[in-house]
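S.K.: Turn this into a structure:
(one chain, ligands or ions: 1)
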Amino acid sequence: MPELTSPEPAVQIEDDRTAISVEALKRAILDNLFFIVGTTQHAASDDEFFTAIAYTVRDRILARWLATRERYRNEDVRVVCYLSAEFLMGPHLANNLLNLQLEIPVRQAVAELDRDLDLIMEHEPEPGLGNGGLGRLAACYLDSMATLGVPAVGYGIRYEFGIFEQQIRDGGQVELTDHWLLHGNPWEIRRPNEALDVGFGGRTEGWSDSTGRYRVRWLPASVVKGIPYDTPVLGYRSGIANTLRLWRSESTESFYFDRFNSGDYQGAVAGKTFAETISKVLYPNDEEIQGKELRLQQQYFFTSCALQDMIRVYLHTNRSIDAFHEKFAIQLNDTHPSIGVAELMRLLIDEHGLEWEKAWEITSHTFSYTNHTLLPEALERWPLPLFASLLPRHLEIIYEINARFLDLVRKHFDGNEARVSRMSIIDEHGEKFVRMANLACVGSHRINGVAELHSQLLEKEVLRDFYELWPEKFLNVTNGVTPRRWIAVSNPELSDLITRHIGSDWLGNLDELNRLEQYADDAGFRAEWRKAQREVKVRLSHYILDQTGVSVDADSMFDAQVKRIHEYKRQHLNVLHIITLYLRLKSRPNLEIAPRTFLFGGKAAPGYAMAKLIIKLINSVGEVVNGDPQMKHRLKVVFVPNYNVTLGQKIYPSADLSEQISTAGKEASGTGNMKFAMNGALTIGTLDGANIEIRDAVGHENFFLFGLTTEQVEAKLAAGYHPRSIYESNPFLREAIDALAAGQFSRGDKELFKPLLDQLLNTDPYLLFADYQSYIDCQDHVGETYRDYEKWSRMAILNVAHMGKFSSDRAIREYSANIWRVDGIDHA
Ligand code: NBG
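M.R.: Residues are numbered from 1 along each chain as shown. Sure thing, here's the model as predicted:
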């Protein structure tokens, strides 16, 4: 990989439109306000100002962006195509300013125009085109690929409506439409010249070509157009701008005049409606499939666009299609784009005339697959009739892939039919399904999990048969996150402090953070550390007051859990601790504790009743605790609404304690755990996902561990788990549960939390009760430790010093070396 040395500002082209002096920037912003937004400096709203600034910055990205594009087309580089149904990019402006090193002059220019850059940045809408960890990981990886000079394109869907906006009303979640495109999107460029067609439905027919070879052609019943929208993805100081290419679906004919003229007004727009629906809205489920036809349409739509796009680029190079896999490495971000395996086969055989064997060689050398979850409810499978009616030709191809594959399985496993039926791409138990994970495994040359434990569990459980057939395909790549967005952009106070002491190279090489170790014992440094964090906490407390009306004390411990709301993530275990603490303080009012502010954030899938009840639970407990005068200066509970990247950027830097408390064996990796720890929060967590590796990296003495291990969880469930007996024998747990059941946190309503309590008492599938006492004891230890703030700061510094491994740069180096076999190109 090339070294990141260039200290000069990367923009060098000094013509009128791209100059970077404060004067030139001011002029450009005013011009854009006038000529693009259609307003003037004094009349412009902050939204309009944002747009003008964004165009000003985009102008300064374009030259390198187009140059990068040309290089990838013309030079003999292998390009990584990262296929993902979700990209959770977050706001672009601050990140682009950092990467261009333009923050100082732009801030100055904006100030001279009598506006405040920070306030204006609050007006950037967030492209929420993802649900959670999986979509955000894709965004961190794009950042690192551009930084390391790995030629890459992110392919996905330009959803008109991203993840819903969450409001809290009467303590419960309400979903509102996300209008992220309302004011337009200054970062993207629509490229109608590069539109492509995608078919759906219809039938297939056989024919003979001029050499007499039997061929098949697909006659789709309808065709939609995919229009690409490109957004530049800048590298940090690398001079490179890769591309995020998102596809919007449109009708091929905007209007069926024949029908319109004959009076069939509805028929005239029906095709248009079908086409436009495909990229309309993101499915808001993170780890549960919904099995809806539209979802399969979305998956096929963007995957087909991406593959056709690659082939088009490839044929431009005047090479024969035979070496396609040498030009492209395709990464499947979970199974969502795995229909690509069948689509590439179709394109190569039906459209480009290759023989099956050759097409398969190309295909299986092109794809690799990342699995992101062990939860069985997330394994994608499509009912066969639905699949057949939407993608008839792909089903034929999948049957052929499967027949050949199962021959191999039979040979390898000596005709073991139980294996054959488990490994088959078609599930034939009762109602038939196409199993997308099986298709992905068969069609990929590398399969990876996202943390050590997760990869081991894939090999041992979910993908065991595939591992036993092809152990050489499997590997682990532990997730990482970009320190540019998650430290530098989110936490300028900490960033400055670090840079003042160890210089600025750490942002391009996160291992450098270990040079902070020497400061852990320096009382002066620790004081500065606390001062920096306090500023961040004060800022968040203003935001919280403004958003929720709750006033929180910046000197209390900020104990934070932000992530999707899910039973396996156990936000309700956190609540059981709060209730226990509350009841303890009620019965012993003079008890001295470290004052705590519990912060929660996260969305629940709209159809997930239990998750929504957990939100209600958090808010109900908050209402009682925050309203109790005895708790003043001791406990506060806040649910900060509409958790997204923007809000994450405020919360990660402010936290003292990071809650990573999933049932062991359930969280594939987690990435929020890394963002907190990089910003100095200490972790309380189970031995799950990447927590294990974080604990090893930061030192066991700097990590608050509790709870059962994966093996103990499995053993307990296998032996017959009885949560009610734990409830009966643990007086504190009983007290907490009884208080909930009695309506103490629901204004006397004894029914409200009954579904949750019944589940815990009867089955408790995520073992909250089994881990309860261990969690409480560990939290008591946390509270004691926090009171020794010198000790705490020391731990926090050591924690940050050892987080280098969790940079997405490290993860991308591993993908590049072990999966994609690509090098970074030299920086401009
Ligand atoms: C999520 C896992 C997380 C993991 C991210 C990124 C899905 C389907 N999976 O543990 O739950 O960190 O993927 O790998 O969103």
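S.K.: Need phi/psi at residue 250.
M.R.: Recorded main-chain torsions at residue 250 are phi -140, psi 170, according to degrees, to the nearest 10.
S.K.: Number of residues surrounding it?
M.R.: Other residues near residue 250 come to 17 when the count uses other C-beta atoms under 10 Å. Heads up, the C-betas are built off the backbone N, CA and C, glycines and all.
S.K.: contacting residues for it?
M.R.: If a contact means C-beta atoms under 8 Å, 6 or more residues apart in numbering, then residue 250 has 195, 224, 225, 226, 227, 275, 276 as its contacts.
S.K.: If we use 6 Å, what do you get?
M.R.: Under the criterion of C-beta atoms under 6 Å, 6 or more residues apart in numbering, the contact partners of residue 250 comprise 225, 227, 275.
S.K.: likewise residue 26?
M.R.: By C-beta under 6 Å, 6+ apart, the neighbours of residue 26 are 109, 112.
S.K.: ditto for residue 36
M.R.: When the contact criterion is C-beta under 6 Å, 6+ apart, the partners of residue 36 are residue 55.
S.K.: ok so, going back, out of the contacts of residue 250, which end up buried?
M.R.: In these, burial by neighbour count holds for 225, 227, 275, counting by 16 or more other C-beta atoms under 10 Å.
S.K.: need the residues you listed in CSV with pLDDT, can you?
M.R.: Formatted as CSV, those follow (pLDDT from 0 to 100):
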residue, pLDDT
225, 97
227, 98
275, 91
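S.K.: Is the residue of the stretch 351-500 of the chain found nearest the ligand in a helix, a strand, or coil?
M.R.: Nearest residue of the stretch 351-500 of the chain to the ligand, counting by C-beta to the nearest ligand atom: residue 372, 3.6 Å away. Following DSSP: H, G, I helix; E, B strand; the rest coil, residue 372 is assigned to coil.
S.K.: pLDDT score for it?
M.R.: Taken from the predicted model, the pLDDT recorded for residue 372 is 97.
S.K.: Now the element after the strand or helix carrying residue 104, going C-ward?
M.R.: In this structure, residue 104 is located in helix 103-112 according to DSSP states H and E. The first helix or strand that comes after helix 103-112 along the chain, using DSSP H and E, is helix 117-121.
S.K.: Just give me how far that following helix sits from the chain centre.
M.R.: On the basis of C-alpha atoms, centre = their mean, to the nearest Å, the separation between the geometric centre of helix 117-121 and that of its chain is 25 Å.
S.K.: give me every residue that touches the residue of the stretch 351-500 of the chain closest to the ligand.
M.R.: Residue 372 makes contacts with 134, 334, 668, as judged by C-beta under 6 Å, 6+ apart.
S.K.: So which of the residues you listed are in helices?
M.R.: residue 134 (DSSP state H).
S.K.: Could you export the contacts of residue 372 to CSV, including columns for distance to residue 450, neighbour count and pLDDT?
M.R.: Compiled in CSV, these are given as follows (distance: C-beta to C-beta, whole Å; neighbours: other C-beta atoms under 10 Å; pLDDT from 0 to 100):
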residue, distance to residue 450, neighbour count, pLDDT
134, 9, 24, 98
334, 10, 23, 97
668, 5, 29, 98
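S.K.: Any chance of CSV for the contacts of residue 372, columns distance to the ligand?
M.R.: As requested, the contacts of residue 372 are exported to CSV (distance: C-beta to the nearest ligand atom, whole Å):
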residue, distance to the ligand
134, 4
334, 6
668, 4
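S.K.: residues touching the closest residue to the ligand within the chain, list them.
M.R.: Checking the chain residue by residue against the ligand with C-beta to the nearest ligand atom singles out residue 133 as nearest, at 3.0 Å. With contact taken as C-beta under 6 Å, 6+ apart, residue 133 is in contact with residue 671.
S.K.: Next to the ligand, which bits of the stretch 101-250 of the chain? Give me the list.
M.R.: Within reach of the ligand by C-beta under 6 Å from any ligand atom, the stretch 101-250 of the chain has these residues: 132, 133, 134, 137.
S.K.: centre of the chain versus the strand or helix carrying residue 216, how much separation?
M.R.: Using DSSP H and E, residue 216 falls within strand 214-219. Chain-centre distance of strand 214-219: 39 Å, with C-alpha atoms, centre = their mean.
S.K.: That one packs against which elements?
M.R.: Secondary structure elements in contact with strand 214-219, counted by 3 or more C-beta pairs under 6 Å, 6 or more residues apart in numbering; DSSP states H and E, are strand 203-208.
S.K.: From the chain's centroid, how far away is the strand or helix carrying residue 231?
M.R.: Residue 231 is part of strand 222-234, with elements assigned from DSSP H and E. Taking the mean of its C-alpha atoms, strand 222-234 sits 20 Å from the chain's own mean (C-alpha atoms, centre = their mean).
S.K.: any low-confidence regions in the stretch 451-600 of the chain?
M.R.: Regions of the stretch 451-600 of the chain meeting the criterion pLDDT under 70 are absent.
S.K.: How about the residues of it by the ligand?
M.R.: Looking at the ligand, the residues of the stretch 451-600 of the chain close enough under C-beta under 6 Å from any ligand atom are residue 479.
S.K.: residue boundaries of the strands in the stretch 451-600 of the chain?
M.R.: Listed from the start of the chain, the stretch 451-600 of the chain has strands (DSSP state E, counting those that start in this stretch) covering 474-476, 557-562, 596-601.
S.K.: Dump those strands to a markdown table, plus mean neighbour count.
M.R.: Compiled in a markdown table, these are given as follows (neighbours: other C-beta atoms under 10 Å):
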| stretch | mean neighbour count |
| --- | --- |
| strand 474-476 | 17 |
| strand 557-562 | 25 |
| strand 596-601 | 25 |
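S.K.: Put together TSV for the ones you listed, with distance to residue 174 on each row.
M.R.: Listed next are those as TSV, based on distance: least, C-beta to C-beta, whole Å:
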stretch	distance to residue 174
strand 474-476	40
strand 557-562	19
strand 596-601	15
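S.K.: Skip ahead from the helix or strand of the chain with the lowest mean pLDDT and say which helix or strand is next.
M.R.: Taking mean pLDDT, DSSP states H and E as the measure, the helices and strands of the chain show their lowest mean at helix 257-261, namely a mean of 63. Read in the C-terminal direction, the helix or strand following helix 257-261 is helix 265-277, with elements assigned using DSSP H and E.
S.K.: in that next one, what counts as buried?
M.R.: Buried positions in helix 265-277, judged by neighbour count with 16+ other C-beta under 10 Å: 268, 269, 271, 272, 274, 275, 276.
S.K.: ok, of the residues you listed, which one's closest to residue 544?
M.R.: For residue 544, the nearest member of the buried residues of helix 265-277 is residue 276. The distance, counting by C-beta to C-beta, is 39.3 Å.
S.K.: mind checking how far the closest one is from residue 252?
M.R.: Plainly put, residue 276 is 12 Å away from residue 252 if you go by C-beta to C-beta, to the nearest Å.
S.K.: Tell me which residues touch residue 576, please.
M.R.: Residues residue 736 are the ones in contact with residue 576 under the rule C-beta under 6 Å, 6+ apart.
S.K.: try 7 Å
M.R.: Going by C-beta atoms under 7 Å, 6 or more residues apart in numbering, residue 576 touches 736, 768, 772.
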